[in-house]
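Novice: Sequence first, then the predicted structure:
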Amino acid sequence: MAAAFSSDGEAALRRELHPASAAAPRSDLDGFYEMGRAAAFVRDGGFRKVALQFPDELLADAAGVAGRLEAATGAAMYVLGDTTYGSCCVDEVAAEHVGAEAVLHYGPACLSPCRKLPVLHIFGQQPLDVGRCTEAFRELYPEQQSCVVVLSDVVYAHAMGELEQQLRPEYPNIIFSSLVCGDPPGPAVPGEERKFGRQFLVKAAGGLQDYAMFYVGAEGLALTSFMLTWNCCPFSSFNPITGCGRHETLNVNRALMRRLYLVERARDAGVVGILVGTLGVAGYLTVLQHLRELLRRAGKRSYTLAVGKPNPAKLANFLEVDIFVLVACAQNSLLDSSDFYRPVVTPYELELACNPAREWTGNYLTDFRDLLPASFLESRSWRGLEQQLGQTPVSKAVQGRRGIAIAYEDEGCEQP
């Protein structure tokens, strides 16, 4: 059984690398990496040291991009490798090691707000056959009065404007989400959804439950997170790689039952390991302290662990831990722990298990910042009574109502 969690290291020594399978540098760097926008960001900010963060699949272009940006801006460029856990997060820690004043983040991104450094996201403009996508949408939604929200992977966001031009005349009730990099300006308005770096306004009287969701992108963690979070909406998707559209068949109720089972496992656990999966998302230190205090009040022992990307071999070293909670960005929080020696839950699931004041309402949260009081209050469209000093007229005190709410003394009498 121990062999399932560890080995003698021979596999690593005998592993063969295939350089031919690595991606070749692109010839269209200016267009794919939006060199003009990146250079303008550096010049306008007056940055002299800039960190360039690439995922593994784009590292072949790193030298070419860095050289062109240095020639265009005169600033020093430092190429960062992947983050220790998810390349979708901005690696502020590595950027601070070189004293960078800003970060250019390339490739897919979770759009989680950062703590300190200014960031420009350049997703890379992956090709999208808008005509085929339009045909797939018509096949999936033949009724032109259908209420549909269109979401997309960030690498296809550049083509959403053209797709909207094709579909808007035929589908008057269609809504296209927009990307929000960083914290959105101001509080949400009634009917506005802000999750996963996406923002859209629902105008239907029945709210979001009257809408279907259409996702442009390949199957992956992003789509799974969307489906669990907006579990009241039926989903369909279009995969630009295969050119096929389909109705998603993920059994959301079964997936939620699995997550709620993990909540019960967390409730019975005596020792909890807090896995630090991100060091760059704003609020991660606050939520770590929140989880420690939550576990202390629940009478459970906790250990904070920074192990990089979790895998069964690493976590099997902590036999005394009954369950792990992963603090990561919203896109990487849902870790499939079926192969792990102990279950791995999200901060929201641990909150359900240990906080009697938080009950399951049917709304699943993957962003740990939603657990923080300030972040939750900021996302609400109505935030309670405000003083509004100097904005309301001064009036004398008047006689109020007397009694209890079920029967005031003057109830039934005509009010002047």
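Specialist: Thanks, I have it. In this text, all values refer to a predicted model and were calculated from it rather than measured experimentally.

Novice: got the contact list for stretch 28-43?
Specialist: 26, 50, 61, 64-65, 68-69, 72-73, 75, 102, 104, 106, 120, 122, 124-125 (CB atoms under 8 Å, 6 or more residues apart in numbering). Heads up, the C-betas are built off the backbone N, CA and C, glycines and all.

Novice: if we go to 6 Å?
Specialist: With contact meaning CB atoms under 6 Å, 6 or more residues apart in numbering, stretch 28-43 is reached by 26, 50, 64-65, 68, 72-73, 75, 104, 120, 122, 124-125.

Novice: can you dump the C-alpha coordinates of stretch 162-180 into PDB?
Specialist: Once non-C-alpha atoms are left out, stretch 162-180 reads as follows in PDB (Å, rounded to 0.1, in the frame of the first residue of the first chain):
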ATOM      1  CA  GLU A 162     -17.800  39.400 -32.900                       C
ATOM      2  CA  LEU A 163     -19.900  36.600 -31.500                       C
ATOM      3  CA  GLU A 164     -22.300  39.100 -29.900                       C
ATOM      4  CA  GLN A 165     -22.700  40.900 -33.200                       C
ATOM      5  CA  GLN A 166     -23.700  37.600 -34.800                       C
ATOM      6  CA  LEU A 167     -26.200  36.500 -32.100                       C
ATOM      7  CA  ARG A 168     -27.700  39.700 -30.700                       C
ATOM      8  CA  PRO A 169     -30.000  40.400 -33.600                       C
ATOM      9  CA  GLU A 170     -31.600  36.900 -33.300                       C
ATOM     10  CA  TYR A 171     -31.600  36.500 -29.500                       C
ATOM     11  CA  PRO A 172     -32.900  39.600 -27.800                       C
ATOM     12  CA  ASN A 173     -32.600  38.000 -24.300                       C
ATOM     13  CA  ILE A 174     -28.900  37.000 -24.600                       C
ATOM     14  CA  ILE A 175     -26.400  38.400 -22.100                       C
ATOM     15  CA  PHE A 176     -22.600  38.500 -22.600                       C
ATOM     16  CA  SER A 177     -20.400  38.500 -19.500                       C
ATOM     17  CA  SER A 178     -17.500  40.900 -19.300                       C
ATOM     18  CA  LEU A 179     -14.100  40.200 -17.700                       C
ATOM     19  CA  VAL A 180     -13.100  42.200 -14.600                       C
END
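
Novice: which residues touch the helix or strand hosting E293?
Specialist: Per DSSP states H and E: E293 is located in helix 284-297. The contact list for helix 284-297, computed with CB under 6 Å, 6+ apart, reads 272, 274, 278, 302, 327, 354, 368, 372.

Novice: Please pick the buried ones from the contacts of stretch 28-43.
Specialist: 26, 50, 65, 68, 73, 75, 104, 120, 122, 124-125 (16 or more other CB atoms under 10 Å).

Novice: Quick check: the two most widely separated of the residues you listed?
Specialist: The most widely separated members of the buried ones among the contacts of stretch 28-43, counting by CB to CB, are A75 and Q125 (23.5 Å).

Novice: got the domain boundaries for this structure?
Specialist: The record assigns the chain these domain ranges, following automatic domain parsing: 24-122, 130-250, 253-373.

Novice: list the helices and strands whatever helix or strand A94 lives in packs on?
Specialist: Assigned by DSSP H and E, A94 belongs to helix 92-97. Helix 92-97 sits against no helix or strand, with contacts defined as 3 or more CB pairs under 6 Å, 6 or more residues apart in numbering; DSSP states H and E.

Novice: Return the set of buried residues in it.
Specialist: Quick answer for helix 92-97 (16+ other CB under 10 Å): 92, 94-95.

Novice: Beyond it, next helix or strand please.
Specialist: Next helix or strand after helix 92-97 toward the C-terminus (DSSP H and E): strand 102-106.

Novice: Near K309, how many other residues are there?
Specialist: As a burial measure, K309 scores 15 neighbours (other CB atoms under 10 Å).

Novice: One more: the one 3 residues further on?
Specialist: Neighbouring residues of P312 were enumerated by other CB under 10 Å; the total is 15.

Novice: For the domains of the chain, give me a markdown table that also has distance to Y408.
Specialist: What follows is the domains of the chain, written out as a markdown table (distance: least, CB to CB, whole Å):
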| stretch | distance to Y408 |
| --- | --- |
| domain 24-122 | 48 |
| domain 130-250 | 31 |
| domain 253-373 | 31 |
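
Novice: Which one of these lies nearest to A397?
Specialist: The nearest among the domains of the chain, by CB to CB, is domain 130-250 at 31.9 Å.

Novice: what about that closest one, start to end distance?
Specialist: Counting by CA to CA, to the nearest Å, you get 26 Å between the two ends of domain 130-250.

Novice: do the same with stretch 75-88
Specialist: 25 Å.

Novice: What count of nearby residues applies to the nearest residue to K314 once chain neighbours are set aside?
Specialist: Nearest non-adjacent residue to K314, counting by CB to CB, 6 or more residues apart in numbering: V307, 4.9 Å away. When counting by other CB under 10 Å, one arrives at 17 neighbours for V307.
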